[in-house]
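>>> Could you look at this predicted model? Sequence included:
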Amino acid sequence: MAMLELRGIRKSFGAVPVLHGIDLEAAEGEFIVIVGASGCGKSTLLRIVAGLETATEGRVLIGGADVTALEPKDRDIAMVFQNYALYPHMSVFDNMAYGLRIRGLPRGEIVARVRRTAELLGLAELLHRRPRELSGGQRQRVAMGRAIVREPKLFLFDEPLSNLDAKLRVQMRAEIKRLQRQLAVTSLYVTHDQVEAMTLGDRLVVMNQGRAEQVATPMEVWREPANMYVAGFIGAPAMNFLHGRLCEEGRAVDLRAGPALPLAGSPAAATDAEVTVGIRPEHVRIGSDGATTAIPLKVDLVEPLGAENLIHGVLPSGEGLTVRAAECAPLPGATLPVVLPAEQLHLFGTDGRRLRLAHARTGVASAQLWA
Amino acid sequence: MRAPAAAAEAPIARAAAEPRRLLPRGTLVHAFLILGVLIFALPIYITLIGSTHDASTIGRGEVPLLPGAHMLDNYAAAWWEGGGGARTGFRVPVETMLLNSLAMAVLIAVGKIAISLTSAYAVVFFAFPGRMVFFWLIFITLMLPVEVRIMPTFAVMVNLGMVNTFGGLVIPLIASATATLLFRQFFLTIPDELVEAAKMDGAGPLRFFKDVVVPLSMTNVAALFVILFIYGYNQYLWPLLMVSDRSLETIVVGITKMIGSGDAQSPWHVIMATTMMALLPPVAVVIFMQRWFVKGLVESEK
């Protein structure tokens, strides 16, 4: 049974629509990450689930019960805020116990629960401190503790790591993941950081301008992005996009940048259609391999990342191409032959949607056929 | 070319930053401060000394600068009997007046704080129709101090039959636009996320007010209490108008009533003793609340 179900959530602020009908189902214990650029409506969606905002249309179901009309406190959920929102005048213990006290739990049970949660989070020594006496990471933990101690049906996270420094963020990210696995509570996590999204989520909801562009596992989103927005948003550095036109009855694509490339399969689209070819920087191969499909890349910038280099260059068509390569450090101005392997190409139609390839043969076989 | 120019500028800059001193650092500042203290303290000193002499010393027109021998007599007389000029016939013990003033000041301060806390809470945290209208109505009363609206207020009190009652003394002075505005400004700095966190924790509006808003406002409350206590204690015109019953007399009004008019002899020794005792409650409040008061004015952290 779905723990959380969203049905056709729409939201407008006045005449401005910010959510255009979101549907989502989260299974029990699932970790769903909502990712998107700022202003895409992801926080609004989370706040609608929390009950802090009312949807213009649509319904929210938690544990099978319709909670659309319920107040936040009656939804049995807990939320971790971006600025932690700890009560500044209360000790760590009181911050965590406050929600339980309001619910009228017996004192002994409150103490036991808070202690257990504090141990889990390594806060046992800090229970008497005030929030202002804590570091950023500790405050973050208290905010999580306040959510965990309630033992809710659903956790909501609103960009909880964005106020931490880079090192702490990586550490807390792993900690959140571990905790969520351990507690197995369904979670909804909003972030604009794609690395957080990829590492944390069982499934991602990639949002753009109030629409869920793709709902899938991180690897699916990365391997088979549903459209050009998702392809460009997930993955760093971003995917390269090149203009092309289908030829050979859809078995190859004629790049504006040069050669016609064989495809690993043929899309259902009509031949001669305009397409956009996407390839991730890490999939571009350097060196001609003796193939006729090599394209000369004029290097204009090299960014060393330590383990590898980012090579930015220009193709003969004037289109830019970024390559991630481990053992190649050309000088700016040099020309490199690059090969775009057929099995790593993504095809998008003029409407930006992914064109699915019918995988009739292996990539290698079709390449040979073409050669 | 640059180096010599920089070298030439350096001594000038240093001279500007550290002028040559004829006097030790801070002498002038201290001189001014000491002068200020003297100007403030001298009248109080004269009053204090005056309250230790007998009636005839001051009656002769002397202003003694050394203590006399009648301190206990004067203070005891003022405390238990009070006293006024022969023709004023005003005799209310300081004990009564001081208690009245104290009660009035405390009730005004507490009442003002209670009302402005709740009205600011309503204006900031609730969306209700006419919210801004109410806010501006409160705001506009800033332009109408007690003295301006004193006749209509008095008329209302007469119609309600509250003349010569303690309620009539206190209630009309309780509304406070200033305190409401101050609390409103403070409440606006409470982050929305804190309100939302409380909602998620299940706290209703009253609970949030009691558990979060009021505790966070405590330093502001303390600072305001000092200011409002002194405001209430110093009320002159309203009690003068409102109260003719001697048992409701307040000390600030009482002191002026003790001074006789025209040729009448005023018992200056008792008046000065009364004045000294009238100083004590505000001084005590300031001393006890000082730590909180300064914290409330200085602290920006929530």
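Here it is on my side, so go on.

>>> the domain parsing of the chain - what is it?
You didn't say which chain, so I picked chain A. A:2-232, A:238-370 (automatic domain parsing).

>>> look at chain B instead
Described in terms of automatic domain parsing, the domain architecture of chain B consists of the residue ranges B:24-92+B:249-295, B:95-238.

>>> So for residue A:125, which of the ones you listed sits nearest?
domain B:95-238 (23.7 Å; C-beta to C-beta). All C-beta atoms are positioned from the backbone trio N, CA, C, and that covers glycine.

>>> residue ranges for the helices of chain A, please.
Along chain A, counting by DSSP state H, helices occupy A:42-50, A:92-102, A:107-121, A:136-148, A:166-183, A:194-200, A:218-223, A:228-233, A:363-370.

>>> and the second one with chain B, contact?
Yes - contact check for helix A:92-102 against chain B, using C-beta under 8 Å from any C-beta of the partner chain: residues in range are A:98-99, A:102.

>>> ok, back up a step: tell me the most buried of the domains of chain B?
Burial of the domains of chain B is given as mean neighbour count (mean count of other C-beta atoms under 10 Å in any protein chain shown); domain B:95-238 ranks first at a mean of 17.

>>> rewinding a little: and the domains of chain B, which one is worst for confidence?
Ranked by mean pLDDT, the domains of chain B end with domain B:24-92+B:249-295 at the bottom, a mean of 84.

>>> near chain A, which residues of the stretch 51-200 of chain B?
For the stretch 51-200 of chain B, the contact set with chain A under C-beta under 8 Å from any C-beta comprises B:191, B:193-194, B:196-200.

>>> hmm, try it at 7 Å
Contact residues of the stretch 51-200 of chain B with respect to chain A, defined by C-beta under 7 Å from any C-beta of the partner chain, are listed as B:191, B:193-194, B:196-197, B:199-200.

>>> Now render those as JSON lines, adding secondary structure.
As requested, these are arranged in JSON lines below (DSSP: H, G, I helix; E, B strand; the rest coil):
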{"residue": "B:191", "secondary structure": "coil"}
{"residue": "B:193", "secondary structure": "helix"}
{"residue": "B:194", "secondary structure": "helix"}
{"residue": "B:196", "secondary structure": "helix"}
{"residue": "B:197", "secondary structure": "helix"}
{"residue": "B:199", "secondary structure": "helix"}
{"residue": "B:200", "secondary structure": "helix"}
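
>>> Which of the domains of chain A has the lowest mean pLDDT?
Of all these, the minimum mean pLDDT falls on domain A:238-370 (a mean of 82).

>>> Would you mind measuring from the spatially most central residue of chain A to residue B:224?
The residue at the geometric middle of chain A, judged as the C-alpha nearest the mean C-alpha position with C-alpha atoms, centre = their mean, is residue A:197 (3.6 Å). Taking C-beta to C-beta, to the nearest Å as the criterion, residue A:197 is separated from residue B:224 by 48 Å.

>>> cool, and residue A:2?
Taken as C-beta to C-beta, the span from residue A:2 to residue B:224 is 53 Å.

>>> same question, residue B:33
Residue B:33 is 28 Å from residue B:224, by C-beta to C-beta.

>>> now residue A:206
52 Å.

>>> What of residue A:9?
Taken as C-beta to C-beta, the spacing of residue A:9 relative to residue B:224 amounts to 45 Å.

>>> Residue B:58 too?
Taking C-beta to C-beta, one finds residue B:58 at 39 Å from residue B:224.

>>> again with residue A:8
51 Å.

>>> Quick one: name the residues of the stretch 1-150 of chain A near chain B.
Applying C-beta under 7 Å from any C-beta, one finds that the stretch 1-150 of chain A approaches chain B through A:50, A:52, A:72-73, A:78-79, A:81, A:83, A:85, A:87-89, A:98-99, A:102-103.

>>> among those, who's most crowded?
residue A:79 (30 neighbours; other C-beta atoms under 10 Å in any protein chain shown).

>>> what's the distance between the residue nearest to that one when sequence neighbours are not counted and residue A:249?
Of all residues beyond its chain neighbours, the one nearest residue A:79 is residue A:156 (4.2 Å), with distances taken as C-beta to C-beta, 6 or more residues apart in numbering or on different chains. Look at residue A:156 and residue A:249: by C-beta to C-beta, they are 50 Å apart.

>>> More neighbours: which of the two?
More neighbours sit around residue A:156 than around the other of residue A:156 and residue A:249, counting by other C-beta under 10 Å; the figures are 26 against 10.

>>> Contact partners for the more buried one?
When contacts are counted by C-beta atoms under 7 Å, 6 or more residues apart in numbering or on different chains, residue A:156 touches A:46, A:49-50, A:77, A:79, A:188.

>>> Pick out the residue closest to the middle of chain B.
What sits nearest the mean C-alpha location of chain B, by C-alpha atoms, centre = their mean, is residue B:230, with 2.0 Å.

>>> Quick check: that residue touching residue B:283?
No - between residue B:230 and residue B:283 there is no contact, the gap being 10.0 Å when judged by C-beta atoms under 7 Å.

>>> sorry, back to before: what's the farthest-apart pair in the contacts of residue A:156?
A:46 and A:77 (10.5 Å).

>>> between the two, who's got more neighbours?
Relative neighbour count places residue A:77 above the other of residue A:46 and residue A:77, with 24 against 20, counting by other C-beta under 10 Å.

>>> count of neighbours near residue A:194?
Neighbouring residues of residue A:194 were enumerated by other C-beta under 10 Å; the total is 21.

>>> circling back: I'd like the helices of chain A laid out as JSON lines, including distance to residue A:321.
As requested, the helices of chain A are arranged in JSON lines below (distance: least, C-beta to C-beta, whole Å):
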{"stretch": "helix A:42-50", "distance to residue A:321": "31"}
{"stretch": "helix A:92-102", "distance to residue A:321": "52"}
{"stretch": "helix A:107-121", "distance to residue A:321": "46"}
{"stretch": "helix A:136-148", "distance to residue A:321": "40"}
{"stretch": "helix A:166-183", "distance to residue A:321": "29"}
{"stretch": "helix A:194-200", "distance to residue A:321": "21"}
{"stretch": "helix A:218-223", "distance to residue A:321": "19"}
{"stretch": "helix A:228-233", "distance to residue A:321": "14"}
{"stretch": "helix A:363-370", "distance to residue A:321": "20"}
